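Asker: Everything below, folded, please.
(one chain, ligands or ions: 1)
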Amino acid sequence: MKKITKAVFPVGGMGTRFLPATKSIPKELLPIIDKPLIQYAVEEAVEAGITTLIFITSATKHAISDHFDPMPDLRAQFIKQGKHHLAEKLDTLPLEIQRVFIPQGQPLGLGHAVLQAESLIEEDEMFAVLLADDFIEADSNPLSCLIEHAHQQQKATISVEQVAADRISSYGVIGAQAWHDDLAQVSEIVEKPSVENAPSDFGVIGRYVLPHSIFQRLRHTDMDHNREIQLTDALKQTLQDEGLQAVKLSGQRFDCGCQEGFVMANLHVAMENPDLAKKIKQSIK
Ligand code: UTP
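Answerer: Numbering: from 1, shown residues only. As a prediction, this is how the structure comes out:
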């Protein structure tokens, strides 16, 4: 069984909910205080043992590549000035981690974005997918947990979380057989159901470990009414043919693809910093 060492970061979306900021700044580079969303996701992946990062990008997102480039001159200057803490902040990615950037061409949905990684994944290899706009604060690494279950069972494994009734229709939602601790076999998966038709309140969130066979399924997945290829539709086929398992997220997730989630994530992280927390509380008073 091959180790899971590759992760796909779909960053080709248009981020329309953050216009005009996203005219020139990729949504994934919006910061939670001082660190961009994509860096949190990359750090999670590297900590989970990922050694190849595959970014599926659009033409306007060169800044993501720039963000992970080393800056040796500035780094040397900071070190010369004794500003080691600033030099460290420039080290956004260990040099031994491989980065690959693939253009998506057109934003035809998450499924289409994942499909672009096909040539980089071997047939007997499982790989991770991380959506950087799902910002997660957890005691244990969420991706490590998924990888462990996927590797043990050699089965596609997705991360889920209970979502509020008024948000159900924005998620892929699963039906599950009995939960054993945080793990369940999925019995059904539906993209954006109404509350009445949802098989449960467990929504799929932005962490997946997928087998190579997902590519073939994506190639045969029709576009939806928005002309997008949905990953959930391909997962339905995976569920039918190979089985699919779900892991409950243990931790707190913020949907930073929407403004409310993004502001809440910033507040949450700010409140963890005693200095900032004190100033914010004072000014709110
Ligand atoms: P979203 O639907 O949340 O992102 O996709 P979006 O389309 O950029 O956002 P809005 O709705 O216009 O504000 C979830 C993830 O999938 C990626 C996005 O970059 C995001 O990380 N994605 C989406 C792609 O890579 N390509 C796509 O065609 C669509």
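
Asker: For this structure, give the residue positioned nearest to the ligand.
Answerer: Gly13 (2.1 Å; CB to the nearest ligand atom). All C-beta spots, glycine's among them, are computed from the backbone N, C-alpha and C.

Asker: ok but that residue is inside a helix, no?
Answerer: No: Gly13 is assigned coil when assessed by DSSP: H, G, I helix; E, B strand; the rest coil, not a helix.

Asker: and it, what are its phi and psi?
Answerer: Here is the backbone geometry of Gly13 (degrees, to the nearest 10): phi -70, psi 170.

Asker: Assess the claim that it and Pro107 are in contact.
Answerer: Yes: using CB atoms under 8 Å, Gly13 is in contact with Pro107, at 5.9 Å.

Asker: shared neighbours, those two?
Answerer: 58, 113 (CB atoms under 8 Å, 6 or more residues apart in numbering).

Asker: the more surrounded of these two?
Answerer: Gly13 (22 against 17; other CB atoms under 10 Å).

Asker: where do the helices sit along the stretch 1-150 of the chain?
Answerer: Assigned helices in the stretch 1-150 of the chain, in chain order: 37-47, 62-67, 72-80, 84-90, 110-115, 142-153 (criterion: DSSP state H, counting those that start in this stretch).

Asker: hang on, the earlier thing: what residues are up against the residue of the chain closest to the ligand?
Answerer: By CB under 8 Å, 6+ apart, the neighbours of Gly13 are 27, 58, 107, 110, 113.

Asker: Flag the least confident of these.
Answerer: Ranked by pLDDT, those bottom out at Ser58, which scores 88.

Asker: Can you name the residues that contact Ala128?
Answerer: 4, 6-8, 45, 48, 50, 143, 146-147, 207-210.

Asker: Leaving out sequence neighbours, find the closest residue to the residue nearest the centre of the chain.
Answerer: Geometric centre of the chain, nearest residue: Leu131, 1.9 Å, by CA atoms, centre = their mean. Distance criterion CB to CB, 6 or more residues apart in numbering; nearest residue to Leu131, sequence neighbours excluded, is Gly206 at 2.8 Å.

Asker: Okay, now the sheet partners of the helix or strand harbouring that neighbour, with direction.
Answerer: Remark: Gly206 resides in strand 202-210, with elements defined by DSSP states H and E. Looking at strand 202-210 with DSSP bridges, its partner strands are strand 127-130 (antiparallel), strand 156-162 (antiparallel), strand 172-176 (antiparallel).

Asker: could you check whether it is close to the ligand?
Answerer: No: shown here: strand 202-210 not in contact with the ligand (CB under 6 Å from any ligand atom), separated by at least 6.9 Å.

Asker: any idea which helix or strand comes after that strand?
Answerer: Criterion used, DSSP H and E; the element after strand 202-210 is helix 213-219.

Asker: List the buried residues of that next one.
Answerer: Buried residues in helix 213-219, counting neighbours by 16 or more other CB atoms under 10 Å, are found at 213-215, 217-218.
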